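J.: sharing a model prediction with you, sequence too.
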Amino acid sequence: MLRSLGQRPVTGSDEDPRVAELRTAVSRLRRELAAHPAEFPDRGIAEDELAALAAMAAGGPPETPRLHRSLLLIAGAIGSVSALARGLSEVREAVDLFGKSPRN
């Protein structure tokens, strides 16, 4: 990930680098999920929420509470699929760039 290397994405515009990182992480996890051969009960939920995250990232800076809600749903849906753990972790790190979820 670029952030872990202390670098910022080069986007050619004034795009928020957090949005670019979120878009990249979501895209990568969507590809990994599409290529994953096993079916599991909540796969559709994960696919829907990843599509929602992709749409949020395409629209500029997303709402932090909505990001965290989607992340929780995705984690619940694919959290036990070890082959997707790294991609899920990258999405979580990208979501965390927008701020930690407020505790109730």
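T.: Alright, I've got the coordinates.

J.: C-alpha from now on. contacts and neighbour counts both.
T.: Will do.

J.: any regions of this protein where pLDDT drops low?
T.: Counting by pLDDT under 70, the chain shows low-confidence ranges at 1-13, 101-104.

J.: for the most centrally placed residue in it, what are its contacts?
T.: For the chain, Val91 is the residue whose C-alpha lies nearest the centre (CA atoms, centre = their mean; 3.2 Å). Neighbouring residues of Val91 by CA atoms under 8 Å, 6 or more residues apart in numbering: Leu22, Ala25, Val26, Leu29, Leu71.

J.: give me the phi and psi for the residue nearest to the last one when sequence neighbours are not counted.
T.: Sequence neighbours aside, Arg92 is the residue nearest to Leu71 in space, at 6.7 Å (criterion: CA to CA, 6 or more residues apart in numbering). Taking degrees, to the nearest 10, you get phi -60, psi -40 for the backbone angles of Arg92.

J.: give me the distance between the longest helix anywhere in the chain and the centre of its chain.
T.: Longest helix of the chain, by residue count under DSSP state H: helix 17-35. The chain centre lies 6 Å from the centre of helix 17-35; the measure is CA atoms, centre = their mean, to the nearest Å.
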